[in-house]
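S.K.: Generate a structure from the sequence data that follows.
(one chain, ligands or ions: 1)
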Amino acid sequence: MTAAIEIQHLVRSFGKKAVLSDVNLTVQQGEIFALLGENGSGKTTLIRILTSLLAPDAGTVTILGTPLKGNENQIRQLISLNSQATTVDGDLSGRANLAFIADLRGVQSGKLVINDLIERFDMVDFIDRKVATYSGGMKRRLDIAMSLIGDAQIIFLDEPTTGVDPKARQDIWRLIQKIRDEGKTIFLTTQYLEEADQHADHIAFLNKGKIVLSGTPTEIKTSASPQSILTVALEDENGAARVLPERQFHAGSVVLPDDQVARSLKLLVNNDIKVVSLGPAKNDLETVFFNVAEEEANEVV
Ligand SMILES: Nc1ncnc2c1ncn2[C@@H]1O[C@H](COP(=O)(O)OP(=O)(O)OP(=O)(O)O)[C@@H](O)[C@H]1O
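M.R.: Numbers count the residues shown, from 1 in each chain. Next up, the predicted model:
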């Protein structure tokens with residue numbers, strides 16, 4: 001099957017600041033793809049390039065088999081973008097907002113499409129109220145519904161669950177899965193690693209302008225080399241940090257690759273540092289990403 005999105009050697013700077021230095025990525029059709037990365041790592045910049053709002057300095061993007069460059073108008077018919085700057089009009093009702101978008105996109109039988117979305121997104125109770133009275137979660141739901149009007153095959157969602165409460169976040173994830181199950185491709189960014197772990201089909205981690213990890217959540221977690229967590233007495237933390245200067249201690253604990261454990265223990269004991277506990281480190285996404293980011297930072301130094 002043709003890939004939904006194919007990105008090769010993408011580069012983009014702002015002035016002297018290189019934001020994307022060599023991004024390579026494939027997103028398959030019909031999956032929920034989550035792009036993760038720290039604040040300022042370039043996630044929004046990448047989404048803006050993929051949705052033709054910003055031109056790259058170099059590299060290529062292919063959307064559903066068609067090169068983006070030179071075919072922007074055609075490709076805009078195949079995608080929709082739901083950005084952090086929410087596009088709903090607070091003075092209108094939710095229904096009027098939906099109708100406005102349906103008109104704008106020239107959708108035939110707009111009323112039917114809108115009623116169907118209201119049902120499917122469980123918005124009947126509030127859709128005729130002014131949007132200004134909605135909670136953050138309701139607004140997000142409406143926003144996502146708006147991005148489904150028309151015939152977009154790929155839906156870009158920039159941080160769809162940011163700033164809404166845990167219950168509303170769950171509702172939004174359910175909607176996203178529903179959209180995926182209807183055959184659409186979802187490309188989203190998020191700061192919540194646990195949510196991506198739980199709900200995304202494929203994850204990529206953007207760090208220092210490149211994709212440093214990519215795979216299913218399970219692949220990423222099992223690909224990490226085994227690690228241990230070693231804890232020293234709190235009063236010995238400074239001493240331990242001097243003995244192992246290449247490691248970062250947090251509240252007396254440090255994460256070590258298993259092949260470094262024996263050497264580190266010996267150094268600590270020889271320097272009279274009290275080791276309180278030693279056990280396997282959990283390989284959740286947060287730990288894996290934190291370690292990759294730390295490794296990359298050490299390489300640069
Ligand atoms: N138009 C612009 N002009 C200059 N610098 C920009 C511009 N847009 C983005 N940047 C810079 O590029 C870097 C990446 O920004 P971007 O918004 O893509 O990151 P992000 O990963 O989406 O961050 P966040 O998670 O905080 O939303 C930042 O340092 C930002 O200041």
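S.K.: Look up how far Ala96 lies from Lys111.
M.R.: Here Lys111 is placed at a distance of 12 Å from Ala96 (C-beta to C-beta, to the nearest Å). (Glycine included, C-beta is placed from N, CA and C.)
S.K.: go on, Pro226?
M.R.: For Pro226 relative to Ala96 (C-beta to C-beta), the value is 56 Å.
S.K.: And Ala281, by the same measure?
M.R.: Counting by C-beta to C-beta, the gap from Ala281 to Ala96 is 52 Å.
S.K.: again with Ala58
M.R.: 43 Å.
S.K.: between those two, which one's more packed in?
M.R.: Ala96 (15 against 12; other C-beta atoms under 10 Å).
S.K.: residues touching that one, list them.
M.R.: By C-beta atoms under 8 Å, 6 or more residues apart in numbering, the residues touching Ala96 are Asp89.
S.K.: Secondary structure element for it, which one?
M.R.: helix 94-104 (DSSP states H and E).
S.K.: okay, now Lys16: neighbour count?
M.R.: 5.
S.K.: cool, and Glu219?
M.R.: Neighbours around Glu219, by other C-beta under 10 Å: 12.
S.K.: Could you do the one 4 residues further on as well?
M.R.: A total of 11 residues lie near Ser223 under the criterion other C-beta under 10 Å.
S.K.: beta partners for the nearest residue to it once chain neighbours are set aside?
M.R.: Nearest residue to Ser223 in three dimensions, chain neighbours excluded: Gly215, at 6.9 Å (C-beta to C-beta, 6 or more residues apart in numbering). With DSSP bridges applied, Gly215 shows beta-bridge pairing to Ile203.
S.K.: got the contact list for Gly215?
M.R.: Gly215 neighbours (C-beta under 8 Å, 6+ apart): His202, Ile203, Ser223.
S.K.: if you set the cut-off to 10 Å instead, what comes out?
M.R.: His202, Ile203, Ala204, Phe205, Lys221, Thr222, Ser223 (C-beta atoms under 10 Å, 6 or more residues apart in numbering).
S.K.: Next: Ile179.
M.R.: Ile32, Arg120, Phe121, Ile144, Ala145, Ser147, Leu148, Ala152, Ile155, Leu157, Thr185, Ile186.
S.K.: do you know how far the nearest residue to Arg76 once chain neighbours are set aside is from Arg12?
M.R.: Excluding the flanking residues, the one nearest Arg76 by C-beta to C-beta, 6+ apart is Ser52, at 6.3 Å. According to C-beta to C-beta, Ser52 and Arg12 sit 13 Å apart.
S.K.: Low-confidence regions, the stretch 51-200 of the chain specifically.
M.R.: Applying pLDDT under 70 to the stretch 51-200 of the chain flags residues 84-86.
S.K.: which stretches of the stretch 1-150 of the chain form strands?
M.R.: 5-14, 17-27, 32-36, 58-63, 66-67, 79-82 (DSSP state E, counting those that start in this stretch).
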